[in-house]
Every structure is written in structure tokens, then in C-alpha cells.
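> Could you work out the structure for the sequence below:
(one chain, ligands or ions: 2)
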Amino acid sequence: MDKANLDWPNLDFGFRSTDYNIRFHWKDGAWSEGRLHTEETIPLHMASTCLHYGQECFEGLKAFSLKNGDVAVFRVEENAKRMEASCKKIHMQPVPHDMFVDAVKRVVNANRRFVPPYGSGAALYVRPLVIGIGPRIGVRPADEYMFIVFVTPVGPYFKSGFKPVNIIVEEAIDRAAPQGVGDAKVGGNYAAGMRASIAAREKGYTEVLYLDAKHKKFIDESGPANFFAIKDGKYITPQSASILPSITNMSLTTLAEEMGLTVERRQVPVEEIFEFEEAGCCGTAAVITPIGSIQFRDRKVVYGDGVTPGDVCQKLYKQLRSIQIGDVPDTHNWLTVIPKEEPRGNARSGPAPRATSRPRKDVVPV
Ligand code: PLP
Ligand code: COI
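Numbers count the residues shown, from 1 in each chain. Ligands and ions are numbered 1, 2, ... in the order given. Prediction:
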């Protein structure tokens, strides 16, 4: 099948339509068979818990075209685990791991023509999400859920790509509380961070660096990515209950150790930024985005010349990308090859399974 006609090397991190998304419906104690849909909108009851009480979580992973012609997704099992944890944290029906992995395989396979070609630098971004649906007005979990996976071809999250960004330490706004849901990939965390990100952009910074909400002393993470730094042969990354456990960061700690660095996952006092040799943001969308400078109150630290990625960032980036696109052997089994098969499950245009409209006994005060 011919590839879609897109300007692959110049894609940004924006939504582009593809052929199919896949949807599953939890109702009466069971998940439905997944169905492929071409429709991009979802019929939703206006009293759904996802709309009012934030019962929503999502994931993000990437599919790549490999050097040998296969298509593979990176560390999908880890995303399955994290989505289960996110669902449980906000009392939603967890998605079984096998169903998650199967859904990702099916939707990527059905959208093969949107997987960017090998060597283009782009990827097919895979976005699974779970939402509480069906009418409910009391603050209680929904009893129906929808699990959807859609895909969209993307370029780098930060438009600079693998070029250092300038960020600012955010002290006035917290993204998440230590015993809240900062470690879950729930939509509310992102809504909570928007005003900080927008204010930073208005001041000319690419993103913010959050501090821990309790002590306002230790680095947490950036808006869409984890934080890491390099000092004295060490890969240092924050330990915190309120940050998302990044799968990219987990992978980088492995690669860093293989390169002979010592990994330290610990509380990182914000003043330590003035001691680091290199720093970076890491995540599925951000990959590794080197940090050129960090503004903290009236002081600014610049890493290297501020515009060239540091040596360690470059090495880590190259190794991660090489594994993801099959340029070097996948010794850790991080890739899952997507089998080529006839799309299963009603690949047709049509509405998503509709939330039932039967009356519910959900008006009981909580
Ligand atoms: N932190 C936040 C808040 C994120 O949204 C993301 C993106 O998923 C990450 C960190 C990086 O996580 P991962 O590497 O699993 O994509
Ligand atoms: C990802 O990196 O996959 C994310 O979900 C971050 C998001 C802000 C794009």
C-alpha cells in the first residue's frame, strides 16, 4: 500500500486525520470486541463523568518504520501498565494488558500508510484514552467506559526538534500535589498546567520546570516531559511522587548505565541546576529535548553555548533513536513488531457504540 502523501520530514506535533481509530465499550461488566471506526467524533452523553468529574486518562507511544521494513511500537507493555495504574487511580475500569496491546497493534496495522517512512525522523503517535461515559450526576465513578486508540503522524513536540530549549522554573503554580494524581496520566494534570505553560511562552520560554508542591525546593518535571541532568559522569533524574513515571526516562537510565554513567534517581534541589553540565527533557513526544538554559528567579544557567546539545544528550538521543528505528539491535526487546494482517473488526464508517440511555440510579447523594 502506498504511503500517505505527507511532507514527512517536516511534520509538526499536530493532529492529522488517519484512516481508522479503534473503540471498545465497557458495559454490564465486560469489554466489547474492539471495532475499527473511520468516524473521528464520539457520541457522548452530556452527563458523562469524563465531562464533569475528570474521569479520563490517556497514554502516548510511538510506532516507527524500521530499517528492515517492519513497523514496530516502542515499549507498548509499559504503556499498558501505566494506563492500568492511571485508570485505577481515578476509579475507572482498567483496560486489560492484552486488550491494550492488541488494540495498538490493530490500529497501527490498519493505518500502516500513515507510519512515517524509515529515516524521515517522524513517527506515528499512538494515543490511547479511557473515558467514563453514560449519564451520571453524583460524584461517583461511571459504570460505562470507552477505550479508544487513535493515531496521528507527528514530528517533534517542541518545534525546535533536537535543539536546546530555554525553560523557566515555575514557583507560583503547581502542576500536581504529592499525594494527588501527578503520577497518573490524567487529563486534569494537563489542564492544571496550561496557564503556567502559556505564561512561560508569553515570556519567551519554551516550557516550565515545576518544583515539588510541598517544599517548593526540589525539581519535579517539565509540563509534558521528565527532567534529567548530567554531572560528574552521573545521569541524575528526580524521584518524586507527583511526576509521571516516564517510559522514555526509564529507557534512558538503562542506556546511560550502558554508556558507563551512574544513574541517580533522587530528590534534586533546584539550586543544583547551577552545577549541572547538561540538562534535558525527555518523553515520548519530546524524545530528548536538550535544555539550553534555565531561568530561576533572577538567575539564569546556560548549558554549553546554549544552542548546541551537549555530548551526553547527543549520545543518548542517538542510541534511543537508533533502537527505535532498528538501526542497532533491540537487545532489551523494547520493540513490538506489528504483524501485517487484514484489519479485523468491522472496518467501516459509522458511529461509536452509543452510551445507553436507560435510566440510572445515580442520583443518590455521595
Ligand atoms: N511527564 C509528563 C507530564 C508527560 O506528559 C509525559 C509524556 O508522556 C512524560 C513525562 C514522559 O513520559 P513518557 O516517556 O512515558 O512518554
Ligand atoms: C507524550 O509524550 O506522549 C505525552 O503524552 C505528552 C503530551 C503533552 C504530548
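> Isn't D2 up against P117?
No - applying C-beta atoms under 8 Å, one finds D2 not in contact with P117, separated by 11.1 Å. Bear in mind the C-beta positions are built from the backbone N, C-alpha and C, glycine included.
> quick one: which of the two has more around it?
Neighbours per residue, other C-beta atoms under 10 Å: of D2 and P117, the larger number sits with P117, 13 against 5.
> Contact partners for that one?
Applying C-beta atoms under 8 Å, 6 or more residues apart in numbering, we find P117 in contact with K3, W8, S65.
> Just among those, which is most surrounded?
In the contacts of P117, the most neighbours by other C-beta under 10 Å go to S65, 23 neighbours.
> Is that one bridged to anything, and to what?
V71 (DSSP bridges).
> Run through the residues that contact A241.
A241 sits in contact with P178, Q179, G182, D183, where contact means C-beta under 8 Å, 6+ apart.
> do the same with G204
In this structure, G204 makes contact with N166, judged by C-beta under 8 Å, 6+ apart.
> Can you name the residues of the stretch 151-300 of the chain sitting close to ligand 2?
On the criterion C-beta under 6 Å from any ligand atom, ligand 2 has as its neighbours in the stretch 151-300 of the chain the residues Y157, P224, G283, T284, A285.
> Pick out whichever of the contacts of A241 sits closest to ligand 1.
Looking at the contacts of A241 and their distance to ligand 1, the nearest is G182, at 8.1 Å (C-beta to the nearest ligand atom).
> Quick check, pLDDT for that closest one.
G182 is assigned 98 on the pLDDT scale.
> Next: G161.
At G161, the pLDDT value in this model is 85.
> which stretches of the chain have low pLDDT?
With pLDDT under 70 as the threshold, the chain has low-confidence stretches at 346-366.
> center of it, which residue is that?
The central residue of the chain, meaning the one whose C-alpha is nearest the mean C-alpha position (C-alpha atoms, centre = their mean), is G60 at 3.5 Å.
> give me phi/psi at F74?
Backbone dihedrals for F74, given as degrees, to the nearest 10, come out at phi -100, psi 120.
> Could you give the residue of the stretch 51-200 of the chain that lies closest to ligand 2?
Closest point on the stretch 51-200 of the chain to ligand 2, by C-beta to the nearest ligand atom, is G60, at 2.2 Å.
> Surely that residue and Y125 touch.
Yes - between G60 and Y125 there is a contact at 6.6 Å, judged by C-beta under 8 Å.
> Which residues are in contact with each of these two?
With contacts taken as C-beta under 8 Å, 6+ apart, the residues that reach both G60 and Y125 are T284, A285.
> can you pick the most crowded of the contacts of A241?
Of all the contacts of A241, the most densely surrounded is G182 (23 neighbours; neighbours counted as other C-beta under 10 Å).
> what sits against the residue nearest to it when sequence neighbours are not counted?
Spatial nearest neighbour of G182, chain neighbours left out: A176 (2.6 Å); criterion: C-beta to C-beta, 6 or more residues apart in numbering. By C-beta under 8 Å, 6+ apart, the contact set of A176 is G182, D183, N189, A192, Y210, A213, D220, S242, I243.
> same thing but at 10 Å, please
Under the criterion of C-beta atoms under 10 Å, 6 or more residues apart in numbering, the neighbours of A176 are 182-184, 186, 188-189, 192-193, 210, 212-213, 220-221, 240-244.
> Next: S17.
For S17, the residues meeting the contact criterion (C-beta under 10 Å, 6+ apart) are A4, T38, E40, F114, F150, T152.
> Cross those against strands and list the overlap.
F150, T152 (DSSP state E).
> With neighbour count and distance to P329 as new columns, can the contacts of S17 be given to me in a markdown table?
Shown next, in a markdown table, are these (neighbours: other C-beta atoms under 10 Å; distance: C-beta to C-beta, whole Å):
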| residue | neighbour count | distance to P329 |
| --- | --- | --- |
| A4 | 17 | 30 |
| T38 | 14 | 38 |
| E40 | 10 | 38 |
| F114 | 22 | 27 |
| F150 | 20 | 31 |
| T152 | 18 | 29 |
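> which of the contacts of S17 lies closest to P135?
Sorting those by distance to P135 puts E40 at the head of the list, at 23.3 Å, by C-beta to C-beta.
> Please report how far the closest one lies from T18.
For E40, the distance to T18 under the criterion C-beta to C-beta, to the nearest Å works out to 9 Å.
> Next, show the common contact partners of the two.
Common neighbours of E40 and T18 are listed as F150 (criterion: C-beta under 10 Å, 6+ apart).
> Just give me the closest of the contacts of S17 to E275.
The nearest one, if we look at the contacts of S17 relative to E275 and count by C-beta to C-beta, is T152, at 39.5 Å.
> dump the residue contacts of that closest one.
11, 13-18, 21, 111, 114, 124-127.
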